[in-house]
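In: Turn this into a model:
(2 chains, ligands or ions: 3)
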Amino acid sequence: MSEKILSRNFGVKDSHTLKVYRETGGYTALAQALGREPAAILDEVKKSNLRGLGGAGFPTGMKWSFIPKNHSGPVYLVINADEGEPGTFKDRYLLERDPHALIEGMIIAARAIKSALGFVYIRGEYVEPWRRFTAAVREAYDAGYLGQGFDIVVHRGAGAYICGEETGLISSLEGKKGWPKVKPPFPAIKGAFGQPTIVNNVETICCVPHIINRGAAWFAGLGSKTQGGTRMYSVSGRVTTPGVYEESCAITLRELIERAGGVSGSGRLKAVVPGGSSAPILAAHEIDVVMDVDGLRNAGTMAGSAGVIVFDDTVSIPEALMVVARFYAHESCGQCTPCRESTGWIYKMCHRIVEGKGRKDDLDTILDVAKRGAGTTICAFYDGAVGPYISYIEKFRGEFEALCQR
Amino acid sequence: MSVQSIAFSTGQLAEVRRLQGLYPDKRGALLPVLHMAQDTFGYVSLEVEEYVASLFGLSPAHVHEVVTFYTLYFRQPRGRHVVAVCHNLSCHLAGAPLILAHLKERLGIDVGETTDDGRITLQAVECLCACEAAPMMQVDDRYEMNLTPDKVDRIVEALR
Ligand SMILES: Cc1cc2nc3c(=O)[nH]c(=O)nc-3n(C[C@H](O)[C@H](O)[C@H](O)COP(=O)(O)O)c2cc1C
Ligand code: SF4
Ligand code: FES
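Out: Ligands and ions are numbered 1, 2, ... in the order given. Model (predicted):
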């Protein structure tokens, strides 16, 4: 078991308060960072091999370095706390149990990218995390950590998965419906309110104080060769003790399932979704895979948000796909034809397959539509839907065929 | 609700201006102000949209487009309590369909409906990101976790 870094205080009483945060070493990284040049902070984060923990796994230091050097206007730091990827719940824990880590990380990140204003976009349903985080921000103002050249605005969303996509989030923050925007321009060049903007996940930024305090080499050494640090894996579905598990990025999926008490239900594993519902599914024989960005990519799936959903062998794969397809049909923002149309039709087809009214050629129709639409849309939402459509059917075709009479 | 009754108090108007001032462009405060409006007026009617639009110098059409995009704004009166059952994957695996069926029967309403006494609106929603405690639901501001039909009964019973 690896050392607990991000979750070290989760069991401590009142861990969300400034008092406890300070008692456990809080805001000491900030004191150090204030004595360093922005470029030195950025360099440290680059060397730490920290990679975005929101979904795409993009190297954080590199992202920060895309802010135009000679820009004279404002630069914004936006924290993505719109956690919505099915199977993921770790940002909720961080907001509720260690909000000051996010605040400290933000102040340090803001120094590195020379930002004076940060936004924290919290999903609308997260009322309690929003209250906790807002209270922590107030404490940080009273203690003088905020308001000295860096301010934080806490923003509540209003219910829309697509606002987790960074450009959809920015649209929403600007007071519009959460429609993603065509990239380029990337947010680092032209983001919120038309200004260079860094969008980072909650957990990503919570790593920053630790990198400053204990050094890039230490952080890099916690993980795999190409991804530093530990990661908060959300484990749910058919496991004995579902929950958040902080482990090295170099852990394997098999080990992680063991950490969560092993497979429950029948006790026999059928499949695992390794990175939130948008990650292609892995069959039981594929779980000796390293859970970092590259390990999962090489296995044909993705680390995504590290939401791990375990299926025992009593789970019906077609039924699971129907549930997943319903989600994508509901959440498509409707801008792109392939996404808007296919998500709706594919859900209907999955539904009729589960009802026993499917036809054998439905399966090829779904695969064909999914494969042709992939990569043609404004944002990665549709690719995220295509992952499950294709992998569930290709890896468990027999189960679908058994339900299709005609 | 008559059109005249749709107005924030002086204190609320000050809060609207404070929120607007937090963003580089005051429009950024639209979602928070819509939350405020819903809390104050019960739901976001076309009249409320028009009122909020006037506070931002936006067209009512823009506000309507925004309101209809998000799931947390109600465009019709809702019950005094909103019970939103998650039916996404982890909750489904843990028995969400059973929980939903139980609630429908007990309340005598379908998903999307409100009980005749105006007490409860029932919803089925996508992942609320508390899958470790599946099956779960949101009751107003609260997450209710690790549900069983018995537990659901107790929770619903306590809603007045
Ligand atoms: C459909 C979709 C949904 C997403 N949802 C989230 C989310 O809920 N939280 C998050 O941090 N990132 C989410 N992302 C990823 C963001 O677009 C973005 O890459 C991320 O917030 C960047 O932060 P990071 O580099 O720290 O990971 C989503 C992406 C897509 C395409
Ligand atoms: S891919 Fe889907 S969610 Fe993304 S912009 Fe297009 S329609 Fe919207
Ligand atoms: S699936 Fe229900 S909370 Fe995630």
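In: Convert the C-alpha atoms of stretch A:299-318 to PDB, please.
Out: The C-alpha atoms that make up stretch A:299-318 are tabulated as PDB, following Å, rounded to 0.1, in the frame of the first residue of the first chain:
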ATOM      1  CA  ALA A 299      -4.600  -1.800 -23.200                       C
ATOM      2  CA  GLY A 300      -7.000  -0.100 -25.600                       C
ATOM      3  CA  THR A 301      -8.900   1.800 -22.900                       C
ATOM      4  CA  MET A 302      -8.200   4.900 -20.800                       C
ATOM      5  CA  ALA A 303      -7.400   6.000 -17.300                       C
ATOM      6  CA  GLY A 304     -10.000   8.800 -17.600                       C
ATOM      7  CA  SER A 305     -11.200   9.900 -14.200                       C
ATOM      8  CA  ALA A 306     -10.100   6.700 -12.500                       C
ATOM      9  CA  GLY A 307     -13.600   5.600 -11.800                       C
ATOM     10  CA  VAL A 308     -13.400   1.800 -11.600                       C
ATOM     11  CA  ILE A 309     -16.700  -0.100 -11.900                       C
ATOM     12  CA  VAL A 310     -16.500  -3.800 -11.300                       C
ATOM     13  CA  PHE A 311     -18.900  -6.400 -12.800                       C
ATOM     14  CA  ASP A 312     -19.200  -9.900 -11.400                       C
ATOM     15  CA  ASP A 313     -20.400 -12.700 -13.700                       C
ATOM     16  CA  THR A 314     -24.000 -12.200 -12.900                       C
ATOM     17  CA  VAL A 315     -24.100  -8.800 -14.500                       C
ATOM     18  CA  SER A 316     -25.800  -8.600 -17.900                       C
ATOM     19  CA  ILE A 317     -23.500  -6.700 -20.300                       C
ATOM     20  CA  PRO A 318     -26.300  -5.800 -22.700                       C
END
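In: So which bits of it are buried?
Out: Within stretch A:299-318, the residues that count as buried by 16 or more other CB atoms under 10 Å in any protein chain shown are A:299, A:301-312, A:315, A:317-318. C-beta here means a position set from N, CA and C on the backbone, and glycine is covered the same way.
In: Poorly predicted segments of chain B, please.
Out: Scanning chain B for pLDDT under 70 picks out the ranges B:1-4.
In: Pull the number of nearby residues for the residue in it positioned nearest to ligand 2.
Out: At 11.3 Å from ligand 2, residue B:69 is the closest residue in chain B, using CB to the nearest ligand atom. For residue B:69, the count of nearby residues is 21 (other CB atoms under 10 Å in any protein chain shown).
In: Would you check how far apart it and residue A:16 are?
Out: Distance of residue B:69 to residue A:16, computed by CB to CB, to the nearest Å: 32 Å.
In: And residue B:132, by the same measure?
Out: For residue B:132, the distance to residue A:16 equals 19 Å [CB to CB].
In: so which strand or helix has the closest residue in space to residue B:123 that isn't next to it in sequence?
Out: Once flanking residues are discounted, residue B:123 sits nearest to residue B:84: 4.2 Å by CB to CB, 6 or more residues apart in numbering or on different chains. If you go by DSSP states H and E, residue B:84 is part of strand B:81-86.
In: Secondary structure element holding the residue nearest to residue A:13 when sequence neighbours are not counted?
Out: Spatial nearest neighbour of residue A:13, excluding adjacent residues (CB to CB, 6+ apart): residue A:20 at 7.4 Å. Using DSSP H and E, the element containing residue A:20 is helix A:18-23.
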